[in-house]
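K.L.:
Starting from these lines, generate the structure:
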Amino acid sequence: MDEELLKAYCRSAYRVRLRSGGAATIRIGEPLPVALRPLAGNRDWGFFTAWNPRSRPLPPTVNRAAERRLLADLRADASLEVHPALGMGTDGWREPSFWIVGIGPEALERLGDRYGQNAWLFGHGAGVAELQLG
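P.N.:
Just a heads-up that it's a prediction; the model follows:
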């Protein structure tokens, strides 16, 4: 991954839709937002998308199909809590995503391989959001 793409990931906002309305924004290197802490508890969590594998733009129809497959994969594991989310870059980049509570780093890596993703976020409880590279 080139330096500019890595910087773009680090500047992006990772927004999780709240059931009560609005969103909470996760940022790399910062603790989990207060609004999300009760949902995470003392569990691992990840922020993941199936859109635009290897950061190469694909048509919306292809991306939506990948997103549906990812959601089906996540829902197949009853131990996971899946929340709608959106990755947003400073340059106008936007990708529908999921905030996944109860998923560990190894499972995220397997998803990264399956969906061809360069990176995703990982954290534990209220801890700091980390960028994990695929």
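K.L.:
pull the longest helix from this protein.
P.N.:
Counting residues, the longest helix found in the chain (DSSP state H) is helix 60-75.
K.L.:
which of the residues in it are buried?
P.N.:
For helix 60-75, the neighbour count (16 or more other C-beta atoms under 10 Å) marks 63, 66-67, 70, 74 as buried. For glycine as for every other residue, the C-beta is placed from the backbone atoms N, C-alpha and C.
K.L.:
Dump the residues you listed into CSV; add pLDDT and distance to residue 18 as well.
P.N.:
Converted to CSV, the buried residues of helix 60-75 look like this (pLDDT from 0 to 100; distance: C-beta to C-beta, whole Å):
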residue, pLDDT, distance to residue 18
63, 98, 24
66, 98, 25
67, 98, 20
70, 98, 21
74, 98, 19
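K.L.:
okay, the longest helix of the chain in PDB with CA atoms only?
P.N.:
Listed next in PDB are the C-alpha coordinates belonging to helix 60-75 (Å, rounded to 0.1, in the frame of the first residue of the first chain):
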ATOM      1  CA  PRO A  60     -22.200   0.100  -7.300                       C
ATOM      2  CA  THR A  61     -24.000  -3.000  -8.400                       C
ATOM      3  CA  VAL A  62     -20.900  -5.100  -7.800                       C
ATOM      4  CA  ASN A  63     -20.100  -3.500  -4.500                       C
ATOM      5  CA  ARG A  64     -23.700  -3.900  -3.200                       C
ATOM      6  CA  ALA A  65     -23.600  -7.600  -4.100                       C
ATOM      7  CA  ALA A  66     -20.300  -8.000  -2.100                       C
ATOM      8  CA  GLU A  67     -21.900  -6.100   0.800                       C
ATOM      9  CA  ARG A  68     -24.900  -8.500   0.800                       C
ATOM     10  CA  ARG A  69     -22.500 -11.500   0.800                       C
ATOM     11  CA  LEU A  70     -20.600 -10.000   3.700                       C
ATOM     12  CA  LEU A  71     -23.700  -9.300   5.700                       C
ATOM     13  CA  ALA A  72     -24.900 -12.900   5.100                       C
ATOM     14  CA  ASP A  73     -21.500 -14.200   6.300                       C
ATOM     15  CA  LEU A  74     -21.600 -12.000   9.400                       C
ATOM     16  CA  ARG A  75     -25.200 -13.000  10.200                       C
END
